[in-house]
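J.: dropping the sequence and predicted coords here.
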Amino acid sequence: MMDFDISIFKQPKSDLLKKVLLCFLSVVFVGVGIALNSCLGFGTDPISVFSDGVHNFFNISLGNAFNVTNCTIFLVVLFFGRRYINIGTLIHAMFLGTFVNIGANIYLLLGIGESFFLKIITATIACLLLFFGTALLISVNIGLDVWTGLAMLLRDKTHKEYKFFRVAIDIFSFTAGYLMGGTVGVITLLAACFGGPIIQRFVGTIEKSILAKIGLK
């Protein structure tokens with residue numbers, strides 16, 4: 001069993017604190033973005049379809065479904081591949097569900113109703129929050145999300161390429177979530193096709209504009 005990666009603690013404490021705060025903010029963005037997409041009924045990103053399926057199948061809140069899913073995967077990675085567990089992973093696993101529930105309440109307060117125009121605007125904002133939040137989590141580099149950690153763990157155990165397990169996990173989460181009643185729609189397709197390139201563009205922007213301006217590499 002591999003030990004924890006403690007290299008991030010070797011950086012200045014002020015830098016680490018900034019990264020922790022940005023990581024927490026990234027989870028806020030991702031959670032609210034996921035919740036808004038789910039409430040709109042246009043579908044969620046492929047990974048989130050799984051938790052949406054757990055939410056519908058077991059009749060629990062969407063946020064609690066994310067908590068159950070993330071904490072379960074967290075424990076698997078913690079036991080078998082703890083080198084991929086770090087501060088960011090813990091923040092993501094513990095707080096994502098909370099902000100998904102908050103995002104669902106925000107949707108109710110917006111009073112969008114059946115207005116298709118407002119739904120399109122909200123869906124656009126939701127996707128931007130999701131993609132930007134994911135890019136921010138990647139950029140601060142203090143821990144992987146639990147699904148990525150699982151893919152890295154499987155890569156190590158089987159000695160196959162990471163991309164194989166990334167695709168396999170996306171297909172599994174999408175299929176299992178759909179079979180459990182997860183919502184699949186246009187957002188699911190758009191996230192699958194364009195999420196990666198948009199996130200990559202956001203990462204570059206964040207590193208050059210946000211991180212550079214606050215003194216982080």
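T.: Structure's in. What do you need?
J.: surely Leu90 is in contact with Gly143?
T.: Yes - in this structure, Leu90 is within contact of Gly143 by Cβ atoms under 8 Å, at 6.9 Å. C-beta coordinates here come from the backbone N, C-alpha and C atoms, glycine included.
J.: of those two, who's got more company?
T.: Set side by side, Leu90 and Gly143 show more neighbours around Gly143, with 24 against 16, by other Cβ atoms under 10 Å.
J.: which helix or strand contains the spatially closest residue to the more buried one that is not a sequence neighbour?
T.: Leaving out its chain neighbours, the residue that sits closest to Gly143 by Cβ to Cβ, 6 or more residues apart in numbering is Gly88, at 2.6 Å. Per DSSP states H and E, Gly88 falls inside helix 87-110.
J.: what are the buried residues along that helix?
T.: Buried residues in helix 87-110, counted by 16 or more other Cβ atoms under 10 Å: 87-93, 95-101, 103-104, 107.
J.: give me the residues contacting the host helix or strand of Leu153.
T.: For Leu153, the host element (DSSP H and E) is helix 146-158. The contact list for helix 146-158 (Cβ atoms under 8 Å, 6 or more residues apart in numbering) reads 47, 70, 73-74, 76-77, 80-81, 84-85, 89, 92-93, 144, 160-162, 164-166, 169, 173.
J.: equivalent analysis for stretch 168-186, please.
T.: The list of residues contacting stretch 168-186 from outside it, by Cβ under 8 Å, 6+ apart, reads 38, 41-44, 46-57, 147, 150-151, 188, 192.
J.: try it again with 7 Å
T.: Under the criterion Cβ atoms under 7 Å, 6 or more residues apart in numbering, residues 38, 41-44, 46-47, 49-50, 52-54, 56-57, 147, 150-151 lie in contact with stretch 168-186.
J.: again, but for stretch 89-99
T.: Defining contact as Cβ under 7 Å, 6+ apart, one finds that stretch 89-99 is touched by 23-24, 27-28, 30-32, 63-64, 66-67, 70-71, 74, 137, 143-146, 149.
J.: centre of the chain to the top helix by length along the chain, how far?
T.: Identified as the longest helix of the chain according to DSSP state H is helix 13-40. Distance, stretch centre to chain centre, for helix 13-40: 9 Å (Cα atoms, centre = their mean, to the nearest Å).
J.: buried residues, the helix or strand following it. List them.
T.: Downstream of helix 13-40, the first helix or strand assigned by DSSP H and E is helix 46-57. Buried residues in helix 46-57, counted by 16+ other Cβ under 10 Å: Pro46, Ile47, Ser48, Val49, Phe50, Ser51, Asp52, Gly53, Val54, His55, Asn56.
J.: repeat for stretch 186-199
T.: Buried-residue list, stretch 186-199, by 16+ other Cβ under 10 Å: Ile187, Thr188, Leu190, Ala191, Gly195, Ile198, Ile199.
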